[in-house]
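Visitor: just to be clear, the model below is a prediction. Sequence and coordinates:
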Amino acid sequence: MRFWTLPYDRHLTQWLKAVDPSRPSIMVAQEFGGQPHQWQFSRADLLARSWLESLDLAWQPDPRRNPQNPDHYPGATGSDWTNAIADAFDSIRSEIEQLQMLMQDDRDRYMAEIIEQADGSGGYITSFIDTSEARRPWTMELINCGYAIGNIAYFYYKQQFRRVRPSTLCPGLAPPFGPPAHPSFTSGHSFIGHFIALLLLEIPALRQRYGLFAAPYKGSPGNAIDPCLPVTVTISLANPAVVQGNVALNAGDPVFFQTTAGGALPAPIAPGTTYYVIPTGTAGAFQISSSPPNPNTTPTPVSTLGSTQSGVQTLVRNPLAGRREIDSPLLWLAGRIAKNRERLGVHYPSDSSGSRHIAAGIWRALLHDSTPSRIYCSTLNSVLAHATAEWPTKWT
C-alpha cells in the first residue's frame, strides 16, 4: 500500500545512509533525492517542460476540467468533465485492445525473454554491451547509479499518478506472473532501460558503437543524443503574434520558449513561462495564449506588437520525443524491454512512452542543463568520468 497511500518521504536521504553510504550509487541517490524541487512536478508542469506529452496522459482526464476542482479552468462545467472522462475511457479501451493483441500474437514467443528481463534487466543490458563487474567496475557502478536515481524517480511518479494495472480493468489479459502490487504509471522497466541507455551513451566509445545512426549506413561511428532538441522558431511582432517552426503541435499543447545567451524574447513572452498553442490552420504556424485551454471560452492570443527581440528563439522538446523507434541499438534495447512489459500485460503503451519521456527529461537536467533547472549530482559526474576511462577509443 506504500505507493497508493503515502507521499514522498522527505527523510529519504537519511534512510539511505544506512544502506552503505560508501557506495557511489548510494551517494548519487542521496544527492538526487535531496533535490525533489528539481524533478518532482505536477501534471501541468511535466507537460510544460516536455517531460511528458499529451498522449502519455490521454488516459487521465485533466482534473482542471472538473468544476468541483478548486483550481478548475474558468467556465468549466459538469458536461466538460463528463466529456473528459469519456475521452479518457476511450483512450484506455484502445490501449487495452492493443495489449489483447500482444497477448494473443506475441506473448508466448517472447516469454523466455520476458522472464529473463523481469528482475534482470541490468544483466540484459550489460550482456548487450559485453561488460562485467570484473572487467569494468565503474561502468557497472554507473548502471547502479541509473538504478538508484530511477528507483526514486519512477516510484515517486507511481505514487503521484496511481494508475491501476491493465489486468485490473481487463482480467482476461491474465499475466502469467505478477502483476506488481504498485501502480502502473510510470513503468519502471521503461524508465530504467531508457535512463541507463542515456547514461551509457555519455561514454564516447559506447556512443560510437550504440549511439544514433542515420541512413545511409556507411560504417561511421554513432552520434550522441541531442539533449535539448530545441526547435528554432520565429515569433512575429504582431497582434496576434504568430510562431513559426518545424514542429507539430495540437490545440492547447503547453510550450515554453528560450533564447540564446544575450538574446531577448519579444515582450510579454518570458523564458520558461508556459504558454498554450492556438492553431492557425497553417502547418508549422500557431499562436499562443497565456491561459490554459478552456472549452467554454475562446483563447486570447498573445500580442507582441511594438516589442523588440534579439538572438535565436527556440522551443525546447523532449530528447526522446514521440513514440517512434529510435535508431540507436541501446535505445532500441530499452524500447524492447518496455514493449515486453506490455506483452506480459502489466503495462499500458502510455506507461512505456511516458517513462521514456520522463527519463529523458531527468537525464537532461542532470547532465546537460546550465539553467537553474539543473539537478546537481557531482558523484554521478565522477562515476561517469571513471567509467569513460574504462572504454578507450581512437575516435573523438
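Guide: Now that the structure is in, tell me what you want to look at.
Visitor: only C-alpha atoms from now on, for both contacts and neighbour counts.
Guide: Noted.
Visitor: do I have it right that residue 342 meets residue 348?
Guide: Yes - between residue 342 and residue 348 there is a contact under CA atoms under 8 Å: 6.0 Å.
Visitor: next, show the common contact partners of those two.
Guide: Taking CA atoms under 8 Å, 6 or more residues apart in numbering as the contact rule, residue 342 and residue 348 both touch residue 99.
Visitor: just the helices in the stretch 51-200 of the chain please.
Guide: Per DSSP state H, counting those that start in this stretch, the stretch 51-200 of the chain has helices spanning 78-105, 107-118, 121-128, 137-161, 166-169, 188-200. These are given in chain order.
Visitor: for the ones you listed, give me TSV that also has mean neighbour count and distance to residue 279.
Guide: Shown next, in TSV, are those (neighbours: other CA atoms under 10 Å; distance: least, CA to CA, whole Å):
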stretch	mean neighbour count	distance to residue 279
helix 78-105	16	21
helix 107-118	15	41
helix 121-128	16	42
helix 137-161	21	29
helix 166-169	17	34
helix 188-200	26	32
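Visitor: want to throw those into JSON lines with mean pLDDT and distance to residue 43?
Guide: Shown next, in JSON lines, are the helices of the stretch 51-200 of the chain (pLDDT from 0 to 100; distance: least, CA to CA, whole Å):
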{"stretch": "helix 78-105", "mean pLDDT": "95", "distance to residue 43": "15"}
{"stretch": "helix 107-118", "mean pLDDT": "93", "distance to residue 43": "28"}
{"stretch": "helix 121-128", "mean pLDDT": "90", "distance to residue 43": "28"}
{"stretch": "helix 137-161", "mean pLDDT": "96", "distance to residue 43": "9"}
{"stretch": "helix 166-169", "mean pLDDT": "96", "distance to residue 43": "21"}
{"stretch": "helix 188-200", "mean pLDDT": "97", "distance to residue 43": "17"}
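Visitor: which one, of those, ends up nearest to residue 177?
Guide: Among these, the nearest to residue 177 by CA to CA is helix 107-118 (9.2 Å).
Visitor: and that closest one, C-alpha only, in CSV?
Guide: Extracted in CSV, the C-alpha atoms of helix 107-118 (Å, rounded to 0.1, in the frame of the first residue of the first chain):
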residue,chain,number,x,y,z
ARG,A,107,3.4,-13.3,-25.5
ASP,A,108,4.2,-16.9,-26.0
ARG,A,109,7.0,-16.2,-28.4
TYR,A,110,8.7,-13.7,-26.2
MET,A,111,8.1,-15.4,-22.8
ALA,A,112,11.6,-16.6,-22.2
GLU,A,113,12.9,-13.1,-22.8
ILE,A,114,10.2,-11.6,-20.7
ILE,A,115,11.1,-13.8,-17.7
GLU,A,116,14.8,-13.0,-18.0
GLN,A,117,14.1,-9.3,-18.1
ALA,A,118,11.5,-9.3,-15.2
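Visitor: now do the phi/psi pair for the closest residue to residue 297 other than its chain neighbours.
Guide: Distances taken as CA to CA, 6 or more residues apart in numbering place residue 75 nearest to residue 297, at 7.4 Å, with adjacent residues excluded. Residue 75 adopts backbone torsions of phi 80, psi 10, taken as degrees, to the nearest 10.
Visitor: so residue 75 sits against residue 296, correct?
Guide: Yes - judged on CA under 8 Å, residue 75 makes contact with residue 296 at a distance of 6.0 Å.
Visitor: all strands for the stretch 151-300 of the chain, in order.
Guide: Assigned by DSSP state E, counting those that start in this stretch, the stretch 151-300 of the chain shows strands spanning 231-235, 243-245, 254-255, 257-259, 275-279, 285-289.
Visitor: great, nothing more from me.
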